[in-house]
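> what's the 3D shape of this:
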Amino acid sequence: MFVTIQDLHLLILPEELHEITRSDNMIIDTGIAAAIQEARMYLFDSFEVDNIFTATGAARNTMLVNICADIALYFITARCQAGQDIDDRKARYDRAINILKAIMKNETYTDLERKKPTAQVHIGFGSNPKRNNYF
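Model prediction:
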């Protein structure tokens, strides 16, 4: 998988993650899968998302891994009890989405693999010159 539980441990203490999920790895896997799908959604038009998100280990883009981990943790911490402070998670989620939007609009640099341009078909259109008839 593109993002692993160990990647989440860089952003949240394992004890906190255990407390939220009660050691249910299905919750973690679902949060990670949802985060990857959201990131794919932003990058799909311009980037080779199949190649990007199938990378493993050191071949992964570190920044994109952190962005996906932030999004996954936002989804996972939504399970927290009411009253717990999740403002930091919300701020990190918003930052991650803003970065993805900037990448999508080519407003920031990224070394992700771009899609190859497809052959474009030129379709000409127009009309004959205007003709005036006088009687």
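> which residues are contacting stretch 22-38?
For stretch 22-38, contacts defined as CB atoms under 8 Å, 6 or more residues apart in numbering pick out 1-5, 8, 17, 20-21, 53, 68-76, 79, 97, 100. Any C-beta I mention is one placed from the backbone N, CA and C, and that applies to glycine too.
> Which among those count as buried?
Among the contacts of stretch 22-38, the ones that count as buried by 16 or more other CB atoms under 10 Å are 2-3, 5, 8, 17, 20-21, 53, 68-76, 97, 100.
> Next step: those restricted to helices.
Using DSSP state H, 5, 8, 17, 20-21, 53, 68-76, 97, 100 are the members of the buried ones among the contacts of stretch 22-38 that sit in helices.
> Okay, residue 120 and residue 126: tell me how far apart.
19 Å (CB to CB, to the nearest Å).
> nope, residue 63 is what I meant
Residue 63 is 47 Å from residue 126, by CB to CB.
> Who has more neighbours out of those two?
residue 63 (14 against 5; other CB atoms under 10 Å).
> Please list all residues in contact with the residue nearest the centre of the chain.
Geometric centre of the chain, nearest residue: residue 39, 1.4 Å, by CA atoms, centre = their mean. If a contact means CB under 8 Å, 6+ apart, then residue 39 has 53, 64, 67-68, 71, 100 as its contacts.
> any idea which of those is closest to residue 86?
Taking CB to CB as the measure, residue 86 sits nearest to residue 71 out of the contacts of residue 39, at 13.6 Å.
> how would you label the closest residue to the closest one other than its chain neighbours: helix, strand or coil?
In space, and not counting its chain neighbours, residue 71 is closest to residue 35: 3.7 Å by CB to CB, 6 or more residues apart in numbering. Three-state assignment for residue 35 (DSSP: H, G, I helix; E, B strand; the rest coil): helix.
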